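**Student:** Here's a sequence, model it:
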Amino acid sequence: MSLRRLSAQVSALALAIALPLQVMAESTAPDRTDTPVHVQGFPTAPGVTGLYLTAQVALSRNDFVSAADFYRRALEKAPMNPVIMGHMIDAELAGGEFSRAIEPSRQLLAAGITSDLAQIVLMMDGVHQGHYAEVIDRIGETPSLGPLGSGLLKAWMQIGEGDMQDALAQFDSLGKTDGLARFAAYHKALALSYMGDFQAAENIYEKQSDGGTTMTRRGAVARIETLSQLGRDPEALALLDRLFGADLDPELEGLRSTLASGKTLPYTTVTSVSDGAAEAFYTIAAALQSELPPRATLLYARLAEALRPDHVEAVLLTGSLLEKLDQPGLAAASYLRVPRDNPAFYRAETARAGALKAAGRSDAARDVLDQLATSYPDVPAVHTARGNFYRQIGDLPEARRSFDTALQLYAETDGRRWFALYARGMCEEKLGDWRAAQRDFRAALKINPNNANLLNYFGYSMVEKKQDMTQALAMIEQAVKLNPDAGYIVDSLGWAYFTMGRAQDAVAPMERAVELMPRSAEVNDHLGDVYWAVGRKLEARFQWRRALSMAPAPAEADRIHRKLNAGLDAVLAEEARPVHQVAQD
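**Tutor:** Numbering: from 1, shown residues only. Reported below is the predicted structural model:
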């Protein structure tokens, strides 16, 4: 179940949160005019600057583990340097080493240095220690948390202090802020369930008739558990089926089996004040991951993990964000934290396989997916992921077999079938079974008619085979409308025009494709062909040479050399392909 697109008000909130996050990663030294390391009152020793700059480069590349290591080594030479300490805290948090950030944060604030990030670290430690009043005081001193973070955290701390009415009033007050009503209502419902007032919680869920409080998987599970606690298992079952359909993953299937057996589901979403605080940060991270840069969102996800290490959704989100930050090794380590006996283990392992492949460890990724297929033989998503891996490494027959298995397991009404159909179609097309590929592409389009990648691949394949050119062009044009900044799709449009003999029409989209993908040998080669076809032969030869400089595949490089020596017309004639009429200047 995917997160709904948030309203424009929440998008505006994301901008308000983004700036404080930048502030949170900085430590304000007493004299802001000093250089980064040589802070007035904090002398340094030889070698500190080199270590610091090395750490800065690592941090700029999102290599948090190396950055933290170099910052620690720099601090050994320059103890209590506030700038180094501030960046080290940032790196330790981003790398998931919360415990290592506690003492530097305490030292930094004790030295009179202003640091919102250090304040937040000590807040999290205060939650762990049960020092809720102290956390409330720190919230007031940390404006960078923003209205949503500070409001939710304060309410959960008030619950920890036993001030239930004040906490509920805090949720109500927060809900009056533009764009925050759903967040406040959801957390109020979680708090009421935690307090044991399940009926009051269900009243909130029911009032949010548009699904606002159950727009995430966790929100839906929280309401299902609440209904079960009220003895309303049939309603819980109906809600589960309506939101997730009949083809459930192991975690949801476990919920369904328990409900169907007449057993009451335990309430697990929030079982402590610390869990509530973790949910607050996870809520922000999950809701705003599409609005904020991954680096900013990562902080919220890490805070949720620090407060609740078994928060599987936070762990999975952290891994996803690390992949976006080009840290597949750290992502794989994050996914590995989900225990084998957790119902979400297969999701974590599937994601870990993708991260391992991205890290250049394809053999390890293969082992993970092969083992998963054996351990979870009835989960279609596992076989789909395995098939996609084998497709990517070029073992198309094995990929096709995995997709066959997945499609046998998916219910005919399951909308998730579209990707397995699409991916199997790609395998079939490359294996030369075009009839089967067309059948799968068309079946996928019936389920997901507005997927730009699917439309582009199907349309481009027809162009290459010179079949149904009018329909192919229509699909590619639709794909461009859906994703106008995807260079490979714009390239398909230009190539379709070119293949149809409309070289003049091909010039603009092909030039646009090169703007979008300037380092693509294929796209630059295509532009060269188009230029040649319209009589711009000098520019054509320039593009072909440019394509050669990008190390294309040997066969393509040989073809480009032949075009440079003899011209496109001669090469096409040699290949027995129709020669395009060169347009008149």
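
**Student:** When you work out contacts or count neighbours from here on, use the C-alpha atoms and nothing else.
**Tutor:** OK.

**Student:** and P46, that's in a helix?
**Tutor:** No: P46 is assigned coil when assessed by DSSP: H, G, I helix; E, B strand; the rest coil, not a helix.

**Student:** what's the distance between stretch 393-405 and the middle of its chain?
**Tutor:** 25 Å (Cα atoms, centre = their mean, to the nearest Å).

**Student:** scratch that, stretch 554-562
**Tutor:** Distance, centroid of stretch 554-562 to centroid of chain: 38 Å (Cα atoms, centre = their mean).

**Student:** What of stretch 313-325?
**Tutor:** With Cα atoms, centre = their mean, you get 7 Å for stretch 313-325.

**Student:** again with stretch 346-359
**Tutor:** For stretch 346-359, the distance to the chain centre is 13 Å (Cα atoms, centre = their mean).

**Student:** Likewise for stretch 410-422?
**Tutor:** Per Cα atoms, centre = their mean, the displacement of stretch 410-422 from the mean C-alpha position of its chain is 22 Å.

**Student:** buried ones in it?
**Tutor:** For stretch 410-422, burial by neighbour count (16 or more other Cα atoms under 10 Å) applies to 410, 416-422.

**Student:** what do you get for stretch 546-559?
**Tutor:** Neighbour-count burial for stretch 546-559 [16+ other Cα under 10 Å]: 546-548, 552, 556-557.

**Student:** now these as CSV including secondary structure and pLDDT?
**Tutor:** Below are these laid out as CSV (DSSP: H, G, I helix; E, B strand; the rest coil; pLDDT from 0 to 100):
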residue, secondary structure, pLDDT
R546, helix, 96
A547, helix, 96
L548, helix, 95
P552, coil, 92
E556, helix, 94
A557, helix, 95
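
**Student:** Mind picking the two most distant members of those?
**Tutor:** R546 and E556 (13.0 Å; Cα to Cα).

**Student:** Could you list the residues in contact with the helix or strand where K188 lies?
**Tutor:** Using DSSP states H and E, K188 maps to helix 181-195. The contact list for helix 181-195 (Cα atoms under 8 Å, 6 or more residues apart in numbering) reads 152, 156, 168, 171-172, 174-175, 198, 200-202, 204-205, 212-214, 219, 222, 226, 267, 269-272, 276, 280, 283.

**Student:** what's downstream of it, the next helix or strand?
**Tutor:** helix 198-207.

**Student:** helices or strands up against the helix or strand that comes right after that next one?
**Tutor:** Sequence-wise, the next helix or strand beyond helix 198-207 is helix 217-229, with elements assigned using DSSP H and E. Counting contacts by 3 or more Cα pairs under 8 Å, 6 or more residues apart in numbering; DSSP states H and E, helix 217-229 is packed against helix 181-195, helix 198-207, helix 233-244.

**Student:** show me the contacts for K176.
**Tutor:** Applying Cα under 8 Å, 6+ apart, no residues qualify as near K176.

**Student:** Actually, Y71.
**Tutor:** Here Y71 is in contact with 51-52, 55, 84-85, 87-88 (criterion: Cα under 8 Å, 6+ apart).

**Student:** Now the strand or helix carrying it: average pLDDT?
**Tutor:** Taking DSSP H and E as the definition, Y71 sits inside helix 64-77. Averaging pLDDT along helix 64-77 gives 95.

**Student:** now the buried residues of stretch 546-559 as JSON lines including distance to P518?
**Tutor:** Shown next, in JSON lines, are the buried residues of stretch 546-559 (distance: Cα to Cα, whole Å):
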{"residue": "R546", "distance to P518": "10"}
{"residue": "A547", "distance to P518": "10"}
{"residue": "L548", "distance to P518": "13"}
{"residue": "P552", "distance to P518": "14"}
{"residue": "E556", "distance to P518": "17"}
{"residue": "A557", "distance to P518": "17"}
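
**Student:** Return the distance of A246 relative to P143.
**Tutor:** 45 Å (Cα to Cα, to the nearest Å).

**Student:** just P234 next, same as before
**Tutor:** Distance from P234 to P143, counting by Cα to Cα: 45 Å.

**Student:** Might one say that V135 is in contact with Q129?
**Tutor:** No: V135 is beyond contact range of Q129, at 10.2 Å (criterion: Cα atoms under 8 Å).

**Student:** just to revisit the earlier point, least confident of the buried residues of stretch 410-422?
**Tutor:** The lowest pLDDT within the buried residues of stretch 410-422 belongs to R416, which sits at 89.

**Student:** Could you find the closest non-adjacent residue to that residue?
**Tutor:** In this structure, R416 finds its nearest non-sequential neighbour in Y410, 8.0 Å apart by Cα to Cα, 6 or more residues apart in numbering.

**Student:** for that neighbour, what are its contacts?
**Tutor:** Y410 is in contact with 247, 380, 416-417, counting by Cα under 8 Å, 6+ apart.

**Student:** What does the pLDDT read for P293?
**Tutor:** Per-residue confidence at P293 stands at 87 (pLDDT).

**Student:** that older thread, among the contacts of Y71, name the ones in strands.
**Tutor:** Of the contacts of Y71, none are assigned to strands by DSSP state E.

**Student:** From P293, how far out is the residue nearest the centre of the chain?
**Tutor:** With distances taken as Cα atoms, centre = their mean, the residue of the chain nearest its centroid is S320 (4.6 Å). Taking Cα to Cα as the measure, S320 falls 13 Å from P293.

**Student:** Which one of the buried residues of stretch 546-559 is nearest to L255?
**Tutor:** P552 (51.5 Å).

**Student:** thought that closest one was touching V523?
**Tutor:** No: judged on Cα under 8 Å, P552 makes no contact with V523 at a distance of 10.9 Å.

**Student:** what ranges of the stretch 301-450 of the chain fall below the confidence cut-off?
**Tutor:** Nowhere does the stretch 301-450 of the chain drop to pLDDT under 70.

**Student:** Let's see that with 90 instead.
**Tutor:** Across the stretch 301-450 of the chain, the ranges flagged by pLDDT under 90 are 343, 411-416.

**Student:** hey, where'd the helices end up in it?
**Tutor:** Assigned by DSSP state H, counting those that start in this stretch, the helices in the stretch 301-450 of the chain fall at 312-324, 328-335, 345-358, 362-375, 380-392, 396-409, 417-430, 434-447.

**Student:** what number of residues lie near E161?
**Tutor:** By other Cα atoms under 10 Å, 16 other residues sit near E161.

**Student:** likewise E522?
**Tutor:** Per other Cα under 10 Å, the neighbour tally for E522 reads 20.

**Student:** Good, wrapping up.
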